[in-house]
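**Q** Following is a predicted model, sequence given first.
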Amino acid sequence: MNSTPPHPKVTIIQVAELAGVSKSTVSLVLTQPDKVSIKTKEKVRQAMAELGYVYNRDAAALRSKRSGLVAIMLPTLDNPKFTELATTLQQGVLERGFVPMLLSSNDELDTQQRLMERLKESNVTAVILCPATGTDVNWQNALNNSGMVIINVLREVPFSEAPCVLADTQRGAFLATQALLEQGCHALALVGGPSLSNYAHFKEGFEQAVHLHPGTPSSQYIPCDNTRQAGQQALNDPALAQVIAKVRTDDRAAPVGLLCASDQLAYGVLDALPSHGLSVGKELKIVGFGDLPDSAVLPCPLSSVAYRSGDLAEHSLSILTALLSDQNVPRRTLIDVTLIKRASCL
């Protein structure tokens, strides 16, 4: 019986010759495409298509002891900011020649731990992680010391050896508090926050703005979860209710300024205003954090501290590339923020 001889395997050298580039350039296109010009990538990929070259990622993973997978693990995908971040990171991982894997920890430590164990068993190349609330630094350092590449994004694990990329919450809180003071608020409240990994920086920005104000504004802290439901209950806090009551009984009193640790929390406060007989402007002025898409289209548009998910993703991916090339990276990278002023603080 006649048999068809096997088709000769196309090599990376043949691809390089047809594309008119070096073998190392073809290798870069396959493994670190962000380091190659668009024109060169097009030439190499066209040569691959003409020759029928297929990159064997499994074989490459055996040689490098890495799977080629980059996991993106976030607490939830319900939050539009997390969804935007996930989409941007996924595209960037693909452009760098890796296979993205999107995971959700549900903001649960046990789920996060089990997922990380499976990723470690799979020799995942790296994990871009928004840590679950309460992530233990010793647990993360043990993973990092085992050789697992971890990059924290949006939330910090204090004293972790893994690099992190964060929005500048201290500056954001400072700008928001400053805006409330400029609107004449003499009594201020920081609502929510303690569950935030960077709450200390958020609180410091709030306190700096209060301290630098030429007047003598009073300030208080309303600890609660950073959710819409918690915001709906925040106005029941006795200390805050007492301050608001003074504003309602004195037409000359300045409004109370609320800095909410998240937009969702601020939405809850806005939801609860009618049931308390309150309104934005006369009794309260409010600023949120995160600038979710709905903030601009609420019946009372919400002022909010904004940051770009694209900036978070870009810096996280640059750190990923540097770590995989055994380069030193900063332990902490801050992304700039801006205050978007809308009706809730005007």
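**A** Now that the structure is in, tell me what you want to look at.

**Q** show me what contacts Q140?
**A** The contact partners of Q140, taken as CB atoms under 8 Å, 6 or more residues apart in numbering, are 131, 150, 157, 160-162. All C-beta atoms are positioned from the backbone trio N, CA, C, and that covers glycine.

**Q** so what pLDDT did the closest residue in space to E50 that isn't next to it in sequence get?
**A** By the measure of CB to CB, 6 or more residues apart in numbering, the closest residue to E50 outside its immediate chain neighbours is L18, 6.6 Å from it. L18 carries a pLDDT value of 90.

**Q** and if you look at V210?
**A** 95.

**Q** you'd agree it is in a helix?
**A** Yes - counting by DSSP: H, G, I helix; E, B strand; the rest coil, V210 falls inside a helix.

**Q** distance of the spatially closest residue to it that is not a sequence neighbour from C345?
**A** Excluding the flanking residues, the one nearest V210 by CB to CB, 6+ apart is S219, at 5.1 Å. Counting by CB to CB, to the nearest Å, the gap from S219 to C345 is 16 Å.

**Q** Show me which of those two is the more surrounded one.
**A** Taking other CB atoms under 10 Å, S219 and C345 do not tie; C345 has more neighbours (28 against 16).

**Q** all helices for the stretch 51-200 of the chain, in order.
**A** 57-64, 80-95, 109-121, 137-145, 169-182, 199-212 (DSSP state H, counting those that start in this stretch).

**Q** which residues touch stretch 210-218?
**A** Outside stretch 210-218, the residues that reach it (CB under 8 Å, 6+ apart) are 177-178, 181, 185-188, 219, 243.

**Q** Is it possible to get CSV of the residues you listed that adds distance to Q14 and pLDDT?
**A** Below are the contacts of stretch 210-218 laid out as CSV (distance: CB to CB, whole Å; pLDDT from 0 to 100):
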residue, distance to Q14, pLDDT
T177, 63, 97
Q178, 63, 96
L181, 68, 95
C185, 70, 92
H186, 76, 88
A187, 74, 92
L188, 69, 95
S219, 70, 92
V243, 76, 87
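
**Q** Quick check: the two most widely separated of the residues you listed?
**A** Farthest-apart pair in the contacts of stretch 210-218 is Q178 and V243; separation 19.8 Å (CB to CB).

**Q** The residue nearest the centre of the chain and T333: what is the separation?
**A** What sits nearest the mean C-alpha location of the chain, by CA atoms, centre = their mean, is L154, with 3.4 Å. Distance from L154 to T333, counting by CB to CB: 12 Å.

**Q** tell me, what's touching these two both at once?
**A** 165-166.

**Q** any idea how far stretch 282-293 is from the chain center?
**A** 20 Å (CA atoms, centre = their mean, to the nearest Å).

**Q** Stretch 203-215 now?
**A** Worked out by CA atoms, centre = their mean, stretch 203-215 lies 26 Å from the chain centre.

**Q** cool, and stretch 242-252?
**A** 38 Å.

**Q** Confirm that Q229 sits in a helix.
**A** Yes - membership of Q229 in a helix is supported by three-state DSSP.

**Q** and it, what does it touch?
**A** G268.

**Q** What ranges does the protein have for its strands?
**A** 69-74, 99-104, 126-129, 150-153, 164-167, 187-191, 218-222, 256-260, 284-289, 303-306, 332-335, 338-340 (DSSP state E).

**Q** Present those strands as TSV; the columns should include distance to Q90.
**A** Output for the strands of the chain, formatted as TSV (distance: least, CB to CB, whole Å):
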stretch	distance to Q90
strand 69-74	6
strand 99-104	4
strand 126-129	10
strand 150-153	13
strand 164-167	16
strand 187-191	33
strand 218-222	37
strand 256-260	30
strand 284-289	25
strand 303-306	22
strand 332-335	19
strand 338-340	25
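
**Q** Minimum distance to G277: which of these has it?
**A** Nearest to G277, of these and by CB to CB, is strand 284-289 at 11.6 Å.

**Q** which strands and helices sit next to the closest one?
**A** Here strand 284-289 touches helix 169-182, strand 256-260, helix 263-272, strand 303-306, going by 3 or more CB pairs under 8 Å, 6 or more residues apart in numbering; DSSP states H and E.

**Q** Can I get it as CSV, trimmed to CA atoms?
**A** Extracted in CSV, the C-alpha atoms of strand 284-289 (Å, rounded to 0.1, in the frame of the first residue of the first chain):
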residue,chain,number,x,y,z
LEU,A,284,-25.6,67.9,51.5
LYS,A,285,-22.9,67.9,48.9
ILE,A,286,-21.5,64.5,47.8
VAL,A,287,-18.4,63.2,46.0
GLY,A,288,-17.8,59.6,45.0
PHE,A,289,-14.7,57.6,43.9
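
**Q** separation between S37 and K246?
**A** Taking CB to CB, one finds S37 at 65 Å from K246.

**Q** swap in K81?
**A** Distance from K81 to K246, by CB to CB: 36 Å.

**Q** the more surrounded of those two?
**A** Legend: neighbour count by other CB under 10 Å for K81 and K246, higher for K81 (19 against 11).

**Q** Wait, the more buried one touches P293, no?
**A** No - K81 lies out of contact with P293 (CB atoms under 8 Å); the separation is 9.2 Å.
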